[in-house]
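Trainee: give the three-dimensional model of this entry:
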Amino acid sequence: EVQLQASGGGLVQPGGSLRLSCAASGFPLDYYAIGWFRQAPGKGREGISCISHKYGDICYLDSVKGRFTISADNAKNTVYLQMNSLKPEDTANYYCAAGPGGLALHLYEWWGRGTLVTVSS
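Mentor: The predicted structure follows:
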């Protein structure tokens, strides 16, 4: 059974950093891409980053490029999202999902529960 568990959210001040983790089970990371998505209050869910070990692809939403870094630890079957220089507009529930890759939500079949990130002073 494919399962994904996102963790690492919390309250951080503007300019601060957080590292989110997505622990995957039921499949090896080189089988599916992992995408990170977020949904801010009152807004739709958007894709922000993806990583595919199988195809060697990494992608980022333009608004997070240079601030967020996605990485994977295949031994732990875990994908990380290092978020630096956080802004209030990064406040959202963050989700990870497994699928073929890219940032389009409809491509991803398996989803984990979200972890809340709040950026506020």
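Trainee: make it CA atoms for all contacts and neighbour counts henceforth
Mentor: Noted.
Trainee: skipping its backbone neighbours, what lies nearest Tyr32 in space?
Mentor: Nearest in space to Tyr32, with sequence neighbours left out and distances taken as C-alpha to C-alpha, 6 or more residues apart in numbering, is Gly99 at 5.4 Å.
Trainee: and the pLDDT for that neighbour?
Mentor: Listed pLDDT for Gly99 reads 92.
Trainee: just checking, it touches Trp36?
Mentor: No: look at Gly99 against Trp36 with C-alpha atoms under 8 Å: they stay out of range, at 11.0 Å.
Trainee: those two: which has the busier surroundings?
Mentor: Trp36 (28 against 20; other C-alpha atoms under 10 Å).
Trainee: got a list of what the more buried one touches?
Mentor: 47-50, 81, 94-97 (C-alpha atoms under 8 Å, 6 or more residues apart in numbering).
Trainee: if the residue most central in space within the chain is in a bridge, with which residues?
Mentor: What sits nearest the mean C-alpha location of the chain, by C-alpha atoms, centre = their mean, is Trp36, with 2.5 Å. On the basis of DSSP bridges, Trp36 is bridged to Ser49, Cys96.
Trainee: just to revisit the earlier point, if I pick the residue nearest to Tyr32, what's in contact with it?
Mentor: Each residue near Gly99 by C-alpha under 8 Å, 6+ apart is listed here: 32-35, 107-110.
Trainee: hmm, back to that, which of the contacts of Trp36 sits closest to Ser120?
Mentor: Nearest to Ser120 out of the contacts of Trp36 is Tyr94 (C-alpha to C-alpha; 16.1 Å).
Trainee: helix or strand right after the host helix or strand of that closest one?
Mentor: Tyr94 belongs to strand 92-99 when elements are defined using DSSP states H and E. As assigned by DSSP H and E, the chain's next helix or strand after strand 92-99 is strand 110-111.
Trainee: could you name the helices and strands sitting against that following strand?
Mentor: strand 3-7, strand 92-99 (3 or more C-alpha pairs under 8 Å, 6 or more residues apart in numbering; DSSP states H and E).
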